[in-house]
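*Asks:* Structure, please.
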Amino acid sequence: MASPQIDRSQAAVSRRQVMMGVAGLTFAIAMDPSRFSDAAELARDPDGARFTPWVSIAPDGTISIMSPAAEMGQGSMTSLPLILAEELDANWDNVRIVPAPIVEKIYGNPAFGGTLTTAGSTAVTAYYDRLRIFGAQVRRILLENAAGKWGVPVEELHTEPSTVVHQRSARRLSYGEIAGFATIPAVAPEIGPEQLKKTSAFRLIGKDVMRVELPGKVNGSAIYSIDLQVPGMIYGAVLQSPVDGAAPEQFDANKVKAMPGVIATVRLPSGVGVLAETPWAAFDGKAAVGQSITWSRDGKAWGFDSDKGIEAFALAARDPGVPVTTDWFKQGDAAQALRNATTVVEAEYRCDYAYHAQMEPLNAVASVSPAGDAVELWCGTQSPTMAVDTAAKALGIPHEKVNLHYTLLGGGFGRRGHRDDDYIVHAVLLSKAAKRPVKMMWTREDDIRNGRLRPITAHYLRAGLDISGRIVAWHQRLAGDRVVPYMDPIRYKLGGEKDTILMLGVELRSYDIANQYCGLIYRDSGVRTSPLRGIGYTANKFVTEAFLDEIAQKRGVDPVELRLALLKDTPRGRAVVERAAQMASWGTKRSDGRALGFAFIDYSGSLLAGIAEISVDRREGKIKVHNFWCAIDCGIAVQPDNIIAQIQGSIVYGMGMALSESISIRDGAVEQSNFYDYQVMRMNDVPEMHIEIVATDNHPTGAGQMGTPLVAPAISNAFAALTGKRLRETPMTPDRVKKALS
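*Replies:* Residues are numbered from 1 along each chain as shown. Take a look at the predicted model:
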């Protein structure tokens with residue numbers, strides 16, 4: 001099956017193409033050039049109702065399908081159009097995928113309040129139902145037009161890939177032929193659930209197709225923002241303040257401007273920009289700024305050290321005299337159940353700051369109009385909505401004056417979708433100052449030192465067991481650095497001032513534990529923070545799943561059997577646990593100094609079980625992961641091979657945060673600078689991975705980041721099984737391993 005092409009030449013579809021819409025909304029066929037301008041204008045209809053262009057069919061049979069998802073390696077640019085193509089009964093070889101224009105009322109993500117945002121592994125699950133309906137509506141209109149042409153009841157017709165067939169007369173019409181004469185009713189046909197395909201009839205969903213962007217990545221033709229060249233463009237680099245909120249005070253501007261290739265320096269609210277003829281001249285100028293600059297002491301993080309900070313967080317978490325800021329999650333009466341428990345188990349866990357480590361450092365190209373009242377912007381972004389918002393605010397102009405051209409992303413993981421993305425602000429302000437197009441480029445050092453980090457957290461847990469050893473109470477106090485109030489204060493207010501990014505995953509929703517409580521103790525270090533792949537689940541499931549393992553050890557029961565007992569009312573959860581255990585031959589004793597560790601998570605409805613097989617070099621303190629098994633039930637698997645690839649990637653990502661990735665803060669500033677002192681996984685660290693999808697007919701749920709939270713608890717639990725010692729802090733670095741073993 002051939003791979004469809006990406007068409008980035010236009011924001012929408014062209015003339016003489018059938019355009020279809022959403023249930024209950026009107027739509028039209030753009031066939032007469034005198035009637036309509038091009039479909040880009042249709043896509044920008046102000047109320048998003050008159051035209052809803054998701055699909056177009058050209059007379060030559062080409063089917064253009066809009067993709068509203070940013071593509072950062074997760075495959076959503078392919079998966080979403082494929083869902084629509086399934087119900088349309090389209091020939092996938094004839095499909096052309098078109099990145100959707102920034103029209104939120106048409107293409108916005110329902111999981112993010114209708115903004116055009118790709119994050120949180122929500123794309124497939126959020127768009128799935130509506131895309132199926134769109135496809136079914138288009139198919140129904142094609143059938144009705146063919147029936148009218150032939151003068152036969154529509155019930156006598158069926159479709160094959162991109163073809164309407166009348167079996168009785170052996171007549172056939174291609175979708176392209178129908179596009180040449182089709183008329184469209186004023187209102188889209190109603191499509192009920194019973195009119196959608198049964199999963200057994202799927203031709204595309206559940207089958208593997210080539211991701212649309214992969215050929216370009218292989219042959220080098222794929223375009224990222226760092227590849228862009230704009231006529232008259234110069235280059236910019238920015239020395240950003242080491243502490244959020246600080247501003248430049250003094251630096252030797254004359255020395256910098258005298259350097260070869262440097263055009264000018266630009267004082268920015270949070271740093272100093274250097275404009276130059278080449279990237280290297282800009283980088284050299286930035287380095288020279290750093291030799292003489294002084295910073296204001298504005299900003300809360302000055303004086304903050306992460307090692308002292310985590311100690312203070314931990315003290316607050318375990319001190320009952322420190323009141324919680326919010327009763328985050330309550331079920332039953334955990335406090336009373338603890339008092340009545342026969343046995344109480346307690347433990348403390350901690351998680352360090354971590355950095356996104358996306359492979360493409362942040363960069364953007366901006367061209368601000370001479371009057372400063374409009375901007376052309378090119379960048380990779382997880383949220384075109386936020387990118388436009390950021391650029392508009394930086395210039396103080398209306399959103400409609402920002403024209404965004406978004407590209408493929410060299411990794412996102414939560415870093416490229418803030419309401420005030422600094423790399424976009426830098427590009428726009430540098431272009432405004434230069435009165436020329438500017439490509440703003442960050443080096444890896446810039447990317448790490450200016451990183452927006454996963455927050456530090458400290459956790460104090462107590463579990464109450466009854467006389468039979470059953471868990472009757474679960475009580476947790478979490479002290480953590482804030483995230484949502486910093487990265488998106490508007491979302492924080494609209495969401496009832498809840499920091500979901502920090503706290504998701506503390507709930508044990510699938511487990512049969514009647515009395516649960518988690519209290520949040522809010523701390524604000526002033527450090528730049530952000531969502532990071534797996535968000536709160538990565539830290540919080542490390543904590544809960546490792547603590548459950550401690551309880552199993554205390555009770556003297558098998559960790560898998562404990563999970564199965566707790567999942568007695570969650571058959572899908574039991575199924576993935578049992579399958580993972582079978583895959584890894586759980587219960588078979590390992591030789592050669594190896595052991596297994598188990599973890600289970602319910603992540604937004606995706607159910608996963610993971611098992612790590614490890615060994616430990618006791619002299620070096622290094623944990624080696626040899627094998628990792630994972631079973632996942634994410635409902636209907638739209639693209640199975642891609643899901644497996646995403647789980648593999650998320651496991652490797654999770655290994656980095658579990659074993660080596662740690663950011664330390666000294667006097668408010670990040671101490672690390674590149675991959676030699678911020679250790680991501682290398683190829684020789686990657687274990688054999690064994691991934692299996694436990695497919696069900698349930699609504700599809702996320703997969704892109706769901707494997708990440710499994711890794712740390714599975715490794716920690718394997719370490720305890722192997723050594724009898726417990727690692728309660730991530731990352732589990734050699735120093736921490738040796739300390740635990742000493």
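*Asks:* Assign the spatially most central residue of the chain to helix, strand or coil.
*Replies:* Taking C-alpha atoms, centre = their mean, the centroid of the chain lies closest to Ala119, which sits 3.8 Å from it. Under DSSP: H, G, I helix; E, B strand; the rest coil, the three-state class of Ala119 is coil.
*Asks:* residues touching it, list them.
*Replies:* Contact analysis of Ala119 by C-beta atoms under 8 Å, 6 or more residues apart in numbering lists Phe112, Gln382, Ser383, Gly412, Gly414, Gly417, Pro531. All C-beta spots, glycine's among them, are computed from the backbone N, C-alpha and C.
*Asks:* So what's the residue count around the closest residue to the fourth one other than its chain neighbours?
*Replies:* The one in question is Gly412. Ranked by C-beta to C-beta, 6 or more residues apart in numbering and with sequence neighbours excluded, the top spatial neighbour of Gly412 is Met72, at 4.0 Å. Neighbour count of Met72, defined by other C-beta atoms under 10 Å: 25.
*Asks:* Which helix runs longest in the chain?
*Replies:* When the chain is parsed with DSSP state H, its longest helix is helix 123-150.
*Asks:* Now the element after that one, going C-ward?
*Replies:* Per DSSP states H and E, helix 123-150 leads on to strand 157-160 as the next helix or strand towards the C-terminus.
*Asks:* average pLDDT across that next one?
*Replies:* Computed over strand 157-160, the mean pLDDT rounds to 98.
*Asks:* what element comes up after that strand heading to the C-terminus?
*Replies:* According to DSSP H and E, the helix or strand after strand 157-160 is strand 163-166.
*Asks:* That next one packs against which elements?
*Replies:* helix 123-150, strand 157-160, strand 171-174, helix 175-179 (3 or more C-beta pairs under 8 Å, 6 or more residues apart in numbering; DSSP states H and E).
*Asks:* next one: the first one to chain centre, how far?
*Replies:* Think helix 123-150. 29 Å (C-alpha atoms, centre = their mean, to the nearest Å).
*Asks:* That one packs against which elements?
*Replies:* Against helix 123-150 (3+ C-beta pairs under 8 Å, 6+ apart) you get strand 55-57, helix 76-88, strand 157-160, strand 163-166, strand 171-174, helix 175-179.
*Asks:* So which bits of that helix are buried?
*Replies:* 123-128, 131-147, 149-150 (16 or more other C-beta atoms under 10 Å).
*Asks:* what's near enough to touch the residue located most distally from the centre of the chain?
*Replies:* Distance from the C-alpha centroid of the chain peaks at Ser169, with 50.6 Å (C-alpha atoms, centre = their mean). Residues in contact with Ser169 (C-beta under 8 Å, 6+ apart) are Trp150, Val152.
*Asks:* where does it land on pLDDT?
*Replies:* pLDDT, Ser169: 97.
*Asks:* likewise Ala182?
*Replies:* 88.
*Asks:* Please name the residues that touch the closest residue to it other than its chain neighbours.
*Replies:* Once flanking residues are discounted, Ala182 sits nearest to Asn145: 4.5 Å by C-beta to C-beta, 6+ apart. Going by C-beta under 8 Å, 6+ apart, Asn145 touches Ile178, Phe181, Ala182, Thr183.
*Asks:* rewinding a little: verify the contact between the residue nearest to Gly412 and Leu408 for me.
*Replies:* Yes - judged on C-beta atoms under 8 Å, Met72 makes contact with Leu408 at a distance of 7.3 Å.
*Asks:* what's the overlap in contacts for the two?
*Replies:* Gly380.
*Asks:* quick check, the residue farthest from the centre of the chain in a helix?
*Replies:* No - counting by three-state DSSP, Ser169 falls outside a helix, being coil.
*Asks:* ok, now how distant is it from Ala182?
*Replies:* Distance, Ser169 to Ala182, using C-beta to C-beta, to the nearest Å: 20 Å.
*Asks:* what's the answer for Asp244, then?
*Replies:* Asp244 is 56 Å from Ala182, by C-beta to C-beta.
*Asks:* Going along the chain, name the helices of the stretch 601-742 of the chain.
*Replies:* Shown for the stretch 601-742 of the chain, the helices assigned by DSSP state H, counting those that start in this stretch span residues 640-659, 708-723, 734-741.
*Asks:* on that earlier part again, kindly reformat the contacts of Ala119 as a markdown table containing distance to Thr500, secondary structure and neighbour count.
*Replies:* Putting those into a markdown table (distance: C-beta to C-beta, whole Å; DSSP: H, G, I helix; E, B strand; the rest coil; neighbours: other C-beta atoms under 10 Å) gives the following:
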| residue | distance to Thr500 | secondary structure | neighbour count |
| --- | --- | --- | --- |
| Phe112 | 12 | helix | 20 |
| Gln382 | 17 | coil | 26 |
| Ser383 | 16 | coil | 25 |
| Gly412 | 18 | coil | 24 |
| Gly414 | 13 | coil | 23 |
| Gly417 | 15 | coil | 27 |
| Pro531 | 9 | coil | 28 |
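*Asks:* quick one: which two of these are the most distant?
*Replies:* Phe112 and Gly412 (14.0 Å; C-beta to C-beta).
*Asks:* which residue sits closest to Leu275 in space, ignoring its chain neighbours?
*Replies:* Per C-beta to C-beta, 6+ apart, closest to Leu275 is Ile263, 4.4 Å.
*Asks:* give me the number of residues near the one you found?
*Replies:* Neighbours of Ile263 (other C-beta under 10 Å): 18.
*Asks:* So what does it look like in phi/psi?
*Replies:* The phi and psi values for Ile263, taken as degrees, to the nearest 10, are phi -100, psi -50.
*Asks:* Please apply the same query to the one 10 residues further on.
*Replies:* Reported as degrees, to the nearest 10, the phi and psi values for Gly273 are phi -100, psi 150.
*Asks:* hang on, the residue nearest to Leu275 packs against Tyr235?
*Replies:* No - Ile263 lies out of contact with Tyr235 (C-beta under 8 Å); the separation is 9.2 Å.
*Asks:* overlap in contacts of the two?
*Replies:* If you check Ile263 and Tyr235 against C-beta under 8 Å, 6+ apart, the residues they both contact are Leu275, Ala276, Glu277.
*Asks:* OK, contacts around the first one?
*Replies:* Taking C-beta under 8 Å, 6+ apart as the definition of contact, the neighbours of Leu275 are 234-236, 262-266, 282, 430, 433-434, 438.
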